[in-house]
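Novice: build the 3D model from these lines:
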Amino acid sequence: MYFITAGTAVYRIRGEKAENIELAIAYFTAALTVYTRDAFPQNWAMTQNNLGVAYSDRIRGDKAENIELAIAYFTAALTVYTRDAFPEYWAMTQNNLATAYSDRIRGEKAENIELAIAYFTAALTVRTRDAFPEKWASTQNNLGVAYSGRIRGDKAENIELAIASYTAALTVYTRDAFPQDWASTQNNLGEAYRKRIRGDKAENIELAIASYTAALTAYTRDAFPEKWAQTQNNLATAYSDRIRA
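Specialist: Here you go, the predicted structure:
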């Protein structure tokens, strides 16, 4: 299993998460009764983006429909957030739209992944390592996940592209600075090495084991029980496939 690193989210910790998201949706929708595209285009676009994030995270309602609504809101935001006028916000929304397409249930899966790759790649034209290192790393990791799940193209090459993206992300996602994101990317890199076609199979499995083991230094049972369990499962699979003694 691969892990997507988080972008913008609905942040409230107290209260029931599902109810908090419903309240966020209600308040963003209310804001749009004043923030019209004609009168307040920038505020309208930001609220459209925020609604997209809320629907992406929504727990209630039909999941497939929620993702469609998220895509619609992000797409609307991009009618104002152009690359020339608002490059940072454009890149943020491109990244959010890519994540929504990665999660999309409706439509053809192969095409959804291609769209996700295109939007992540577009975001990286603004989210450079020098200008926005943390956001660049997040988008690199998410691009790696998209390449790992890619249906079109050469499978071996897609895995190589995924490995390159994860490795790039880890130049910013260090264990000290971003332990959770570092662990997520280490797990993803382990998955890519375990499934790698090119290179020496035995060596690839050793690299996968090393990446999973590294991830577990941050993904502890107490702090991240679900991710700890998933990474333990991935590590067990790698040991099952191991060639070296």
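Novice: quick one: average pLDDT of stretch 86-105?
Specialist: If you average the pLDDT over stretch 86-105, you get 97.
Novice: and it, how far out from the chain's middle?
Specialist: 10 Å (CA atoms, centre = their mean, to the nearest Å).
Novice: list the contacts of stretch 16-32.
Specialist: 10, 12, 43-44, 47-48, 50-51, 54-55, 57-60 (CB atoms under 8 Å, 6 or more residues apart in numbering). For glycine as for every other residue, the C-beta is placed from the backbone atoms N, C-alpha and C.
Novice: quick check: phi and psi on residue 175?
Specialist: Main-chain torsions, residue 175, degrees, to the nearest 10: phi -60, psi -40.
Novice: burial count for residue 82?
Specialist: Using other CB atoms under 10 Å, residue 82 is surrounded by 12 other residues.
Novice: coming back round to it: among the contacts of stretch 16-32, who's most crowded?
Specialist: In terms of neighbours by other CB under 10 Å, the contacts of stretch 16-32 top out with residue 54 at 26 neighbours.
Novice: helix, strand or coil for that residue?
Specialist: At residue 54 the chain is in helix, as set by DSSP: H, G, I helix; E, B strand; the rest coil.
Novice: how near is it to residue 62?
Specialist: To residue 62, residue 54 is 15 Å away according to CB to CB, to the nearest Å.
Novice: pretty sure residue 214 contacts residue 186?
Specialist: Yes. Counting by CB atoms under 8 Å, residue 186 is a contact partner of residue 214 at 4.7 Å.
Novice: the two: which is more packed in?
Specialist: Higher neighbour count among residue 214 and residue 186: residue 186, with 27 against 20, using other CB under 10 Å.
Novice: contact partners for the more buried one?
Specialist: 170, 211, 212, 214, 215.
Novice: these two touch, right, residue 58 and residue 66?
Specialist: Yes. At 4.5 Å, residue 58 counts as touching residue 66 under the criterion of CB under 8 Å.
Novice: quick one: the helix or strand that contains residue 30 to chain centroid distance?
Specialist: In this assignment (DSSP states H and E), residue 30 forms part of helix 17-31. Relative to the mean C-alpha coordinate of its chain, helix 17-31 is positioned 22 Å out (CA atoms, centre = their mean).
Novice: what's the answer for stretch 200-211, then?
Specialist: Its chain's C-alpha centre and that of stretch 200-211 lie 24 Å apart, by CA atoms, centre = their mean.
Novice: can I get that stretch as PDB, trimmed to CA atoms?
Specialist: Extracted as PDB, the C-alpha positions of stretch 200-211 are listed here (Å, rounded to 0.1, in the frame of the first residue of the first chain):
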ATOM      1  CA  ASP A 200      18.800  -7.200  -9.600                       C
ATOM      2  CA  LYS A 201      15.800  -8.700  -7.900                       C
ATOM      3  CA  ALA A 202      17.600  -9.800  -4.800                       C
ATOM      4  CA  GLU A 203      19.000  -6.300  -4.300                       C
ATOM      5  CA  ASN A 204      15.700  -4.700  -5.000                       C
ATOM      6  CA  ILE A 205      14.100  -6.700  -2.200                       C
ATOM      7  CA  GLU A 206      16.900  -5.700   0.200                       C
ATOM      8  CA  LEU A 207      16.300  -2.100  -0.600                       C
ATOM      9  CA  ALA A 208      12.600  -2.600   0.000                       C
ATOM     10  CA  ILE A 209      13.300  -4.200   3.400                       C
ATOM     11  CA  ALA A 210      15.600  -1.300   4.300                       C
ATOM     12  CA  SER A 211      13.000   1.300   3.400                       C
END
